[in-house]
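no sequence for this one, just the structure:
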């Protein structure tokens, strides 16, 4: 039998092998995704980004990774949320309060005094049922992106040139708050006037008197040097500084099923471990602030604030929507 008769078959086998090699190479091709957040790297967001990247690289054998864009390089939280929805940013980590610009029900996580303490907040943010409920909440209205996991930047506190020891200390005070129905309802209930502005404008606004007071996590107060125009930190613990990690649907649809599992597993790592690390960072930040001479007010009458806010919780959640009511109930039930 002539060898020439086998040549087409051999060529076919070689061609198939070559195509398989090309396909394998394409699958193994490295991809680097943009990951944006509005705080410096030495923040809860930065901790979350590092955890996400480490786990993603481990699972993908280095084929998938992220390039971090901290410090609002790609825009404010509201802007980066819009960009992840349009596919101009691949991943974004931002506060659940600011995520309410795309899904108002997200404001349920900003309700005051629904988290009993640090341990409760950490448990809630890592609870699979709560995470699933928050995913469902965002999916009900958000287009172009979806939630992968939750995170934290500790608890929120008030800071100004004057101490806050009781509710009466807020009467007539102009406070910069995040633009949510929750904040716009609760702070006026304490007697304060609310002012909205991007986080990047807070320092100057405190300096010039556009606002008298702001509120945020301790580490954010430290690393952004807000203690310079507002040297008195009052530990009100009025709200959890919760965060959510989102992925663009454009990126998600480009991933293989296996890659999607890797990405979700990396996000699960954030939900499980970032909150505790973020609270540790808060404790370290407080020690640094006390060392440099910032006045820290610890004897705040939190009970007085809670007595005003707690009766409003259910009404606010109901006004936000059924997903918010469901999440509030779940938060309360986490032990």
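Good, I have the coordinates. Predicted, not measured: the structure shown is a model, and the values here were computed from it. Residues are numbered from 1 along each chain as shown.

could I get the full set of helices for the protein?
Using DSSP state H, the helices found in the chain span residues 7-27, 44-59, 77-86, 118-126, 128-139, 181-189, 202-208, 218-223, 249-254, 257-291, 302-320, 322-333.

if you count neighbours, what's buried in the longest one?
Right, helix 257-291. For helix 257-291, burial by neighbour count (16 or more other CB atoms under 10 Å) applies to 259, 262-263, 266-279, 281-282, 285-286, 289. All C-beta atoms are positioned from the backbone trio N, CA, C, and that covers glycine.

just give me the residue right at the centre of the protein.
residue 243 (2.1 Å; CA atoms, centre = their mean).

how about that one: what's its closest non-neighbour residue?
residue 151 (4.0 Å; CB to CB, 6 or more residues apart in numbering).

residue 276 now?
Residue 276 sits nearest to residue 122 (CB to CB, 6+ apart), 5.3 Å away.

repeat that for residue 224.
residue 203 (6.5 Å).

quick one: the one you found from residue 195, how far?
Between residue 203 and residue 195 the computed distance is 14 Å (CB to CB, to the nearest Å).

count of residues packed around residue 199?
Neighbour count for residue 199, taken as other CB atoms under 10 Å: 20.

what residues does it make contact with?
38, 72, 76-77, 224 (CB atoms under 8 Å, 6 or more residues apart in numbering).

can you rerun that using 10 Å?
38-39, 72, 76-77, 95, 98, 176, 178, 214, 216, 220, 224, 226 (CB atoms under 10 Å, 6 or more residues apart in numbering).

is residue 78 in contact with residue 180, as I believe?
No - Residue 78 is not in contact with residue 180 according to CB atoms under 10 Å; the separation is 11.6 Å.

list residues touching both of these two?
Joint contacts of residue 78 and residue 180 (CB under 10 Å, 6+ apart) are 98-101.

tell me which of these fall in strands.
Secondary structure of the shared contacts of residue 78 and residue 180 is defined by DSSP state E; no position falls in strands.

who wins on neighbours among these?
Result: residue 99 is most packed of those (other CB under 10 Å), 30 neighbours.

next one, pLDDT for that one please.
Note for residue 99: predicted pLDDT of 96.

same question for residue 66.
98.

ok, and the closest non-adjacent residue to it?
With sequence-adjacent residues excluded and distances taken as CB to CB, 6+ apart, residue 66 is closest to residue 35, at 4.0 Å.
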